[in-house]
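Engineer: Structure of the sequence below:
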Amino acid sequence: MSADWFYMKKRFFWGPKTVGPIAESEFLRKIEKGEINPETMVSSTSKTHGHWMHLKQIRAGVKHWEKTHPTSHDAA
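Structural biologist: Model (predicted):
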């Protein structure tokens with residue numbers, strides 16, 4: 001079963017904007033591209049039970065970040 005994800009996108013003037021739902025495959029691509037990073041607030045009905053969390057609080061998310069950004073120490 002694939003999860004639907006939401007994330008907070010930072011904007012320069014108007015504060016964060018909720019984006020989603022997006023499929024888990026798109027969510028992983030956004031992590032790979034750096035659009036979602038360890039400090040990004042994310043939520044999923046099935047994975048976080050609707051709670052907003054930093055990506056760095058989600059073990060699988062951090063592992064994917066570290067795998068695709070091996071020189072980055074932002075997830076620590």
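
Engineer: How far off centre is stretch 59-66?
Structural biologist: 9 Å (CA atoms, centre = their mean, to the nearest Å).

Engineer: tell me what the helix or strand of the chain at the bottom of the mean pLDDT ranking is packed against?
Structural biologist: Using mean pLDDT, DSSP states H and E, helix 59-68 stands out as the lowest-scoring helix or strand of the chain, at a mean of 94. Helices and strands touching helix 59-68, by 3 or more CB pairs under 8 Å, 6 or more residues apart in numbering; DSSP states H and E, are helix 24-33. Any C-beta I mention is one placed from the backbone N, CA and C, and that applies to glycine too.

Engineer: Pass me the low-pLDDT residue ranges in this protein, would you?
Structural biologist: By pLDDT under 70, the weakly predicted segments of the chain are 1-2, 72-76.

Engineer: now with 90?
Structural biologist: Where the chain drops to pLDDT under 90, the residues are 1-3, 10-15, 70-76.

Engineer: Please report the distance of the residue sitting furthest away from the middle of it from residue 41.
Structural biologist: Within the chain, the residue lying farthest from the chain centre (CA atoms, centre = their mean) is residue 13, at 21.5 Å. Note on residue 13: its distance to residue 41, by CB to CB, to the nearest Å, is 19 Å.

Engineer: circling back: using CSV, write out the CA atom coordinates for the least confident helix or strand of the chain.
Structural biologist: This file holds the C-alpha atoms of helix 59-68, laid out as CSV (Å, rounded to 0.1, in the frame of the first residue of the first chain):
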residue,chain,number,x,y,z
ARG,A,59,13.4,6.6,10.1
ALA,A,60,12.7,5.6,6.5
GLY,A,61,12.8,9.2,5.4
VAL,A,62,16.1,9.9,7.0
LYS,A,63,17.6,6.7,5.5
HIS,A,64,16.4,7.7,2.0
TRP,A,65,17.9,11.2,2.5
GLU,A,66,21.2,9.8,3.6
LYS,A,67,21.3,7.3,0.8
THR,A,68,20.6,10.0,-1.9
